[in-house]
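Engineer: Provided below for reference: sequence and predicted model.
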Amino acid sequence: MSSESERAGGSEEGTSGAGSGSGGTGGVRFDLERETELRFEVEGPERVTLELLSGLGEVFGSELNRNKKYSFGPGAKIAVFTWQGCSVCLTGKTEVAYVSKDTPMLLYLNTHAALEQMRQQAERDNERGPRVMVVGPTDVGKSTLCRLLLCWAVRAGRRPTLVELDVGQTAVALPGTLGALGIERPADLEEGFSVQAPLVYHFGSTSPGTNIKLYNKLTSCLAEVFSQRCEASRRSSVSGCVINTCGWVKGAGYQALVHTASAFQVDVVLVLDQERLYNELKRDLPHFVKVVLLPKSGGVVERSKACRREARDDRIREYFYGFRGASFFPHAFDVRFSDVRIFKIGAPSIPDSCLPLGMSQDDTQLKLVPVTPGRDLAHHVLSVSSVGDREGEDGGKGAAGVLDSPVCGFIVVTAVDTQNQLMTVLSPAPRPLPRHTLLIMDIRFIDLK
């Protein structure tokens, strides 16, 4: 990664710009100079095809294969970067497509190089590798920077771990969860990272603020399991982790970042595009933690609430039907109310005067509340807890057992028949359910297939 030949090579001919027709029927050719990037967005029902014609280029750290067509659908926001020049062809209608010379990629690569030096030092000294936390407000490119650093690390022969703490827009599992994933190969340009055997915990909402105590507890659970993995695998320990965080950086959100840094014993914090946050973390984190301020890319686009909601729906749809809805065939079957136990984590807030003696509001945030199935359960996403069927009773160790246990999958309730005490569920696997303790999410999904 650090040498010119590893970064990229190939054509430097032409200038940044576009000419019509050279790359195929109806396609537009872009000749990119060294260290420039082509940015394009896809909106509406359109699909756009990208093809590398000459030279070498990459998309968010994943290399393009020459003469292979990559297809991107509505909502895609793509940046093709080249270190030494390349030519690409775009076919289809884009919302916008332009070439930019103003890019922070060199700074990002230097950050990767510094992390790689830390890994090499860890190998020599028999210590652990860097644990990196990426922070910043919403829509500054945190997920993209995480993807870049992970892909480059894999291309350098490492096996880093992605820790996903953004419960709204997760790259590991469904929205409403926290998770970790061992990265063994660069992300697929169209589908992202291969999600095999992830570690996933149920949170139940798309905002940490709905239950900050649960959020911090699950962060600690992930940190503990990651540390155990590092003890068992020297390669994982040296490769370290990259932690993606949510965009809530004030008040309790800021305290959650400090808690995460402590739980994972992070060595490096990368702050995107906010000097205030950078200075606060410099002040509050231990002196040995390197806090680095990096600029965001000019290609970062602010997303509306509707866009975020659509992205969450797409993520859930892909879980059941596969990428582009053509790979998987989910199962629909009935489940008797009596065969499952459904819980919600966190009791509703009540006045302090009504709480039992010695109990605080915080205690209710980790309480398991039984849910009686009714018509309002329809379209809710449910996590299938891996906890044993004899565990998980409300209160005491049972509640802790459910909270600390990862999930083994997800289902969606498509219909509820209260008269016959049945609910119809959509599941990625055939009946029966692998476990019978279900955790309800605030998230709804209407299956339109």
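Structural biologist: Yep, it's here.
Engineer: switch to C-alpha atoms for all contacts and neighbour counts from now on
Structural biologist: OK.
Engineer: number of nearby residues for the closest residue in space to Arg47 that isn't next to it in sequence?
Structural biologist: Among residues not flanking Arg47 along the chain, Gly73 sits closest, at 4.5 Å (C-alpha to C-alpha, 6 or more residues apart in numbering). The number of residues packed near Gly73 is 17, by other C-alpha atoms under 10 Å.
Engineer: For the stretch 201-350 of the chain, which residues score under the pLDDT cut-off?
Structural biologist: 325-326, 349-350 (pLDDT under 70).
Engineer: Go again with 90.
Structural biologist: 298-308, 310-311, 322-328, 346-350 (pLDDT under 90).
Engineer: where along the stretch 201-350 of the chain do the helices fall?
Structural biologist: 212-232, 234-239, 252-264, 275-284, 305-321 (DSSP state H, counting those that start in this stretch).
Engineer: Go through these and name the closest to Val59.
Structural biologist: helix 305-321 (19.5 Å; C-alpha to C-alpha).
Engineer: mind checking how far the closest one is from the chain centre?
Structural biologist: Offset of helix 305-321 from its chain centre (C-alpha atoms, centre = their mean, to the nearest Å): 13 Å.
Engineer: For it, buried residues please.
Structural biologist: Buried residues in helix 305-321, defined by neighbour count with 16 or more other C-alpha atoms under 10 Å: 311-321.
Engineer: got the domain boundaries for this structure?
Structural biologist: Segmentation of the chain into domains, based on automatic domain parsing, reads 4-100, 105-294, 306-444.
Engineer: mind giving me a markdown table with these and columns for distance to Val300?
Structural biologist: Formatted as a markdown table, the domains of the chain follow (distance: least, C-alpha to C-alpha, whole Å):
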| stretch | distance to Val300 |
| --- | --- |
| domain 4-100 | 9 |
| domain 105-294 | 6 |
| domain 306-444 | 14 |
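Engineer: Quick check: next helix or strand after the longest strand seen in the chain?
Structural biologist: Using DSSP state E to define each element, the chain has its longest strand at strand 407-417. Downstream of strand 407-417, the next assigned helix or strand under DSSP states H and E is strand 422-427.
Engineer: Direction included, what does the following helix or strand past that next one pair up with?
Structural biologist: Using DSSP H and E, the helix or strand that follows strand 422-427 towards the C-terminus is strand 437-444. Strand 437-444 pairs in its sheet with strand 341-345 (parallel), strand 380-385 (antiparallel), by DSSP bridges.
Engineer: Tell me which of the ones you listed sits most buried.
Structural biologist: Comparing the strands paired with strand 437-444 by mean neighbour count (mean count of other C-alpha atoms under 10 Å), strand 380-385 ranks first with a mean of 25.
Engineer: what comes into contact with it?
Structural biologist: Strand 380-385 has contacts (C-alpha atoms under 8 Å, 6 or more residues apart in numbering) with 202, 402, 405-414, 434-445.
Engineer: at 6 Å instead, please
Structural biologist: By C-alpha atoms under 6 Å, 6 or more residues apart in numbering, the list of residues contacting strand 380-385 from outside reads 407-413, 437-441, 443-444.
Engineer: quick one on the thing from earlier: so which of the helices of the stretch 201-350 of the chain is nearest Gly176?
Structural biologist: Of these, nearest to Gly176 by C-alpha to C-alpha is helix 305-321, at 9.5 Å.
Engineer: contact partners of that closest one?
Structural biologist: Residues outside helix 305-321 that contact it (C-alpha under 6 Å, 6+ apart) are 328-330, 428.
Engineer: which among those residues end up buried?
Structural biologist: With burial judged by 16+ other C-alpha under 10 Å, the buried subset of the contacts of helix 305-321 is Pro428.
Engineer: Out of the contacts of helix 305-321, which is nearest to Leu178?
Structural biologist: Nearest member of the contacts of helix 305-321 to Leu178, counting by C-alpha to C-alpha, is Pro428, at 20.0 Å.
Engineer: Might one say that the closest one is in contact with Pro330?
Structural biologist: Yes. Using C-alpha atoms under 6 Å, Pro428 makes contact with Pro330 at a distance of 4.5 Å.
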